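**Student:** Here is the input, now give the coordinates:
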Amino acid sequence: TMSRSRNRPFRSYVATAAILLTCKDALALAPPVVWPKIFPMNRDSQHHPSQQRISSSSASSEQAPHLFEPTGRVAGLPGQIVASPFNLSQVTLNPSVHPLSNFSFAAQQLNVQSVGQIRLACPRCSSRRPLAALCHRYLLYLDPAHLLWNFRKIAGLPNVTDSPYGGWIGNGSLVAGHFTGHYLSATAFAVAATSDPATRAALLAKSASVVEGLAECQDHQCQANPALCGYVSGYNFAQIVALEEHTGPTWATYYTIHKIMAGLLDTYLNTYNDQALAVLLKMAAFFKKRIDAVIATKGWGWWEECLQVEFGGMNEVMYNLYAITNDTDHLQMATYFYKAVFMDPLARSQDALNNQHANTHLPEIIGIARGWEVTGNATLAYIAHFFYTTLSQNYTYATGGSNVDEHWKYPGELGNAIATLQNGTAAVNSEGFHTEESCTTYNALKIARHLFQWSGSAGLADDYEQKLVNGVLGVQKPLHNGTMVYMTPLGKGVSRPQANWNQGWGSPTDSFWCCYGTAIESFAKLGDSIYFHNDNSRTLWINQFVSSAVKWAAADLTLTQASDFTSDAKALVSRITLGAGSTSSRTTLAIRIPAWAVQASTTITLNGASVLHGPGLPGSFLEVTRVWKSGDVVIASFGMAPRILPINDVRPDWASVGAIMYGPFLLAGFTSQPSFALKADPSTISTWLRVKNDFTFTAPGWTLKPLSQVVDESYTAYFNISLQATG
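**Tutor:** Prediction:
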């Protein structure tokens, strides 16, 4: 048996409440690449050889400002993946608790080994928030006829219901259809993850009904107007024309198209629905033709103006489709959604985030990351790395999330973002209520997932956990069907019911915000990113400590993880049991030692003997390599202790302000007033913060709970901690 603690070159560390990620990793990324002067912005004409630019086949006389052109994969070399996710069908989450939320889960979840490769189980479970079960209940509650209502109206088909659902998918909504796409993705993930035949069959029937409805609408429109062959959406085609001609009204046309296309692709990949792929391919051909015509008649500059309107992850879904079809039209389509005005400064190592709308750009970066994986263009990898580093360093809260009023603002001065106005003794509508839009955290997790696959970085795995636990698990209201929240307030005396400009919790049939769509996807794939693998090096990464099981066919290995907190709430313990097959090859388990773990009280044993030869280094992976035998047991125990994570604000006046963390949890303090003063010596936090075994905490003048467990109560997320604290 060999063991060693390894912290990969893509290191992380905590500073001013942000995780700073260096851009030095095993990829040996190319220096920033910039492009010819074709648009009003000033671009350098120098190209790096790794760019492998291929001449444009566009009908336009202007040169395309894209990294790739439609003659095939760049140099035939896609980006190198170090750690691959498992399929959701390979990971099982049994009915039990997710130890990092202390909430019970149902039997359907997803994981990076592929949604269907993981399942859950746990010895001590809380029934407070059956997150996944509640999500699946909502998916089965929703009616395909209502989800398709706008599509059928636009296609000229009769509806069987009097009206659609309300909110963002109401009659005449400019983004009608976006949630239908999210619904397809969520049901696809749930189908892949669930081990219950009845639930799976019911979800499959719902999903197939929506796909059939979309196909009917698409075919009917084609028959009525051949010029619209391939078009299908919940909004009128006039919106596409308005975007192309730079006239109004329009909102986020391609954002909605992306959700529909991504939903169809997820459905094809996870439920093997060929009709979903057929509808998707027709959509791709239709929109490719439309954009070709815009560029040919109006030029690249005109099309770039179209990209100033939110378009979701159109580049991501087209790169994903290209990876399946190898159709160069799909590659070209992906490059059409390279937004130079935002990406070029990042390629030059410049912060392009300030004052930008967060959820407009996060999906674009996901597409940039996927572009590197598909094509191998190092510039795309650099952009993704630099973006994530900048986001973490300048704009990130202690939750791992970012943004205020939906925008990135106040770089390095996030005290402004949590500012909360008050009327007498009550907090009132102000920025402290409108931090961390929920869907931005969902999308930031997808970027972290991509970057982890490139590097195997323990810091990124820590970051993923921090974002998931504090920014996602609390956005679905427990015991309420289809009730989500748009934002996670981080101010003083704030509450979820007052978030989103006092809209608070949504309703199951009349909200359908963007964050509703990402929430149902999140809770349909709660097993995502627990495990990763590399078949060549025979390495299995254990990133998250969640009671679950994974089947790794390539290594003929099964692994069952039972994780929970100790009865005194002082440690997280995971019992990892191996079920090896007939293979005699040596295989490595890479076990994350969380950055929050107390080094002195962290132990890892194999069959009762320590494999920590020396202290385990928090924020690294411990690798144990051997020929594993069925029945081998690894027990990892990670001590937890309170700590203060300073607010991401460089100003001296904010030096004593920080979030109280316990393990991966941000602790929120209950209060009926907009206050955050905690009179105590921050250097002695271990003496004055007390924990009970139900994960309730006390501090001088305060009672605290993990933020993810706060529902309707008023709370404070950051504290001014000093013996003379005020505020």
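**Student:** Could you list the low-confidence segments of this structure?
**Tutor:** Across the chain, the ranges flagged by pLDDT under 70 are 1-77, 94-130, 582-583, 614-615.
**Student:** which ones are touching Ala641?
**Tutor:** Val598, Tyr662, Ser686 (CB atoms under 8 Å, 6 or more residues apart in numbering). Bear in mind the C-beta positions are built from the backbone N, C-alpha and C, glycine included.
**Student:** which ones among those residues are found in strands?
**Tutor:** Val598, Tyr662 (DSSP state E).
**Student:** Most neighbours among the contacts of Ala641, which one?
**Tutor:** Among the contacts of Ala641, Tyr662 has the most neighbours (other CB atoms under 10 Å), with 20 neighbours.
**Student:** Quick one: residues contacting it.
**Tutor:** Contacts of Tyr662 (CB under 8 Å, 6+ apart): Met640, Ala641, Pro642, Arg643, Leu689, Val691, Phe697, Pro706.
**Student:** try Leu184
**Tutor:** Here Leu184 is in contact with Ser207, Val210, Val211, Ile260, Gly263, Leu264, Asp266, Thr267, Ala276 (CB under 8 Å, 6+ apart).
**Student:** and which of these is nearest Ala384?
**Tutor:** Nearest to Ala384 among these is Asp266, at 21.6 Å by CB to CB.
**Student:** Of the contacts of Ala641, just say which sits nearest to Leu346.
**Tutor:** Tyr662 (34.9 Å).
**Student:** Going along the chain, name the helices of the stretch 351-500 of the chain.
**Tutor:** Counting by DSSP state H, counting those that start in this stretch, one finds helices in the stretch 351-500 of the chain at the ranges 358-375, 378-395, 438-455, 458-471, 499-502.
**Student:** mind giving me CSV with those helices and columns for mean neighbour count and distance to Asp351?
**Tutor:** Shown next, in CSV, are these (neighbours: other CB atoms under 10 Å; distance: least, CB to CB, whole Å):
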stretch, mean neighbour count, distance to Asp351
helix 358-375, 26, 12
helix 378-395, 24, 5
helix 438-455, 25, 16
helix 458-471, 26, 19
helix 499-502, 18, 27
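**Student:** CSV please, covering those helices and showing distance to Thr488.
**Tutor:** Putting those into CSV (distance: least, CB to CB, whole Å) gives the following:
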stretch, distance to Thr488
helix 358-375, 13
helix 378-395, 15
helix 438-455, 7
helix 458-471, 6
helix 499-502, 7
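**Student:** Report the two of the contacts of Leu184 separated the most.
**Tutor:** Maximum distance among those (CB to CB): 13.5 Å, for Ser207 and Ile260.
**Student:** quick revisit: narrow the contacts of Leu184 to those in helices?
**Tutor:** Ser207, Val210, Val211, Ile260, Gly263, Leu264, Asp266, Thr267, Ala276 (DSSP state H).
**Student:** ok, the last one - contacts?
**Tutor:** Contacts for Ala276 (CB under 8 Å, 6+ apart) come out as Leu184, Val211, Leu264, Leu265, Thr267, Tyr268.
**Student:** again, only using 7 Å
**Tutor:** Shown in contact with Ala276 (CB atoms under 7 Å, 6 or more residues apart in numbering): Val211, Leu264, Thr267, Tyr268.
**Student:** Lys692 too?
**Tutor:** Contacts of Lys692 by CB under 7 Å, 6+ apart are Ala569.
**Student:** try 10 Å this time
**Tutor:** Asp568, Ala569, Thr698 (CB atoms under 10 Å, 6 or more residues apart in numbering).
**Student:** What of Asn607?
**Tutor:** Applying CB under 10 Å, 6+ apart, the residues contacting Asn607 are Thr1, Lys629, Gly631, Asp632, Val633, Val634, Ile635.
**Student:** Noted, bye for now.
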